[in-house]
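Novice: A structural model of the following input is requested.
(one chain, ligands or ions: 2)
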Amino acid sequence: MIRLAIQKSGRLSEDSLSLIRECGISFVSSTYKLKTEATNFPLEILFLRDDDIPGYVQDGVADLGIVGQNVLVEAGFPDLEVEALGFSKCRLSLAVLRNQPYAGAQDLQGKNIATSYPQILGRYLAGQGVQANLHTISGSVEIAPSIGLAEAICDIVSSGSTLLGNGLREVETVFRSEAVLIANQELSAEKQDLLAQLRFRMQAVRRARRNKYILLNAPADSLEAVKALLPGIKSPTVTPLAEPGWVSVQSVVNEDDFWHITGQLKAVGAEGILVLPIEKMIS
Ligand code: PRT
Ligand code: ZN
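Specialist: Residues are numbered from 1 along each chain as shown. Ligands and ions are numbered 1, 2, ... in the order given. Next up is the predicted model:
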């Protein structure tokens, strides 16, 4: 049995639960429960505040955890990370009041900066040779400049609308973050084996999410052009159609390239393009 800690309720919760479910692991979760056991994998899930997860995994109270790199690094345990999970992407940024002049990090010399991330920010400023007064506050950092508490803030940004709404301007990216799987560094052999199984499944789910299965018909004489656009995993599958001079092509495309490639496929004569989600992708 291996014990995984995830955020009880917040920005990481839903994506953490769906990742576990997409790994084929079933469990019953309720908002009132603090832990649950999977029915088809030797896994126990603990529901905690995200800030507590790194420490619990470091101490071995939980074997594994899912948490943002921002929280992990701020807690001082970056070495616990074993796998980036690709969700909850955000950045930790410095921001100043919109009309405050700003030419570079040296402008922060001697200034007051409000943040919930004194460790990460402190290291960043030291790297820039800047000395500033850090005020550690745990929430609503973005109002600090307008109430006169600080001249700058350092906080998590995703769309940027919170900064905008508070009259602030993002001036430096201090740290980029996403959700990661973390593990205690002294797992038993049995738990290491379960961790390896979980990572294998998580990688298959992530790979599948990033790719689409594509099927299309093309005139046989444009096959070379189609193949060049669709390298596939090894090479595309090509089968003749009942109609002479036409072939059916099947392949896998990366989601990021997908719209661009379908446009080019149409331009070389492809028709009846179907795109399907992939459930799991094992390399
Ligand atoms: O209760 P608990 O302590 O468990 O949760 P929490 O309130 O501390 O954390 P939560 O749920 O807000 O965030 C969990 C994790 O999600 C963070 O540690 C980040 O890794 C990640 N994440 C991703 C974010 C954001 N995006 C985000 N936008 N965390 C916070 N924000 C906040 C930010 O603090 C600011 O107030 O959203 C606002 C900015 O958003 P935009 O879109 O307006 O820029
Ligand atoms: Zn928190």
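Novice: Neighbours of the nearest residue to Lys111 once chain neighbours are set aside, how many?
Specialist: The shortest distance from Lys111 to any non-neighbouring residue, by C-beta to C-beta, 6 or more residues apart in numbering, is to Glu151 (4.5 Å). In short, each C-beta sits where N, CA and C put it, glycine included. Residues near Glu151, counting by other C-beta atoms under 10 Å, number 19.
Novice: What mean pLDDT does stretch 88-105 get?
Specialist: Mean per-residue pLDDT for stretch 88-105: 97.
Novice: Now do that stretch: distance from first to last residue.
Specialist: End-to-end distance for stretch 88-105, by C-alpha to C-alpha, to the nearest Å: 27 Å.
Novice: Could you do stretch 212-232 as well?
Specialist: 10 Å.
Novice: Could I get the average pLDDT for it?
Specialist: 93.
Novice: Then stretch 135-146?
Specialist: Stretch 135-146 comes out at a mean pLDDT of 95.
Novice: Buried residues of it, list them for me.
Specialist: Within stretch 135-146, the residues scored as buried using 16 or more other C-beta atoms under 10 Å are Ile137, Val141, Glu142, Ile143, Ala144, Pro145.
Novice: Mind checking if that stretch is in reach of ligand 2?
Specialist: No - shown here: stretch 135-146 not in contact with ligand 2 (C-beta under 5 Å from the ion), separated by at least 8.6 Å.
Novice: Return that stretch as CSV; C-alpha atoms alone will do.
Specialist: Taking C-alpha atoms only, stretch 135-146 is exported to CSV below (Å, rounded to 0.1, in the frame of the first residue of the first chain):
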residue,chain,number,x,y,z
HIS,A,135,7.3,41.6,3.9
THR,A,136,5.9,38.1,4.2
ILE,A,137,2.1,38.1,4.0
SER,A,138,-0.1,35.0,3.5
GLY,A,139,-2.9,36.3,1.3
SER,A,140,-4.2,39.3,-0.7
VAL,A,141,-0.7,40.3,-1.6
GLU,A,142,-1.9,42.3,-4.6
ILE,A,143,-3.5,45.0,-2.4
ALA,A,144,-0.2,45.8,-0.6
PRO,A,145,1.0,48.6,-3.0
SER,A,146,-2.4,50.4,-3.0
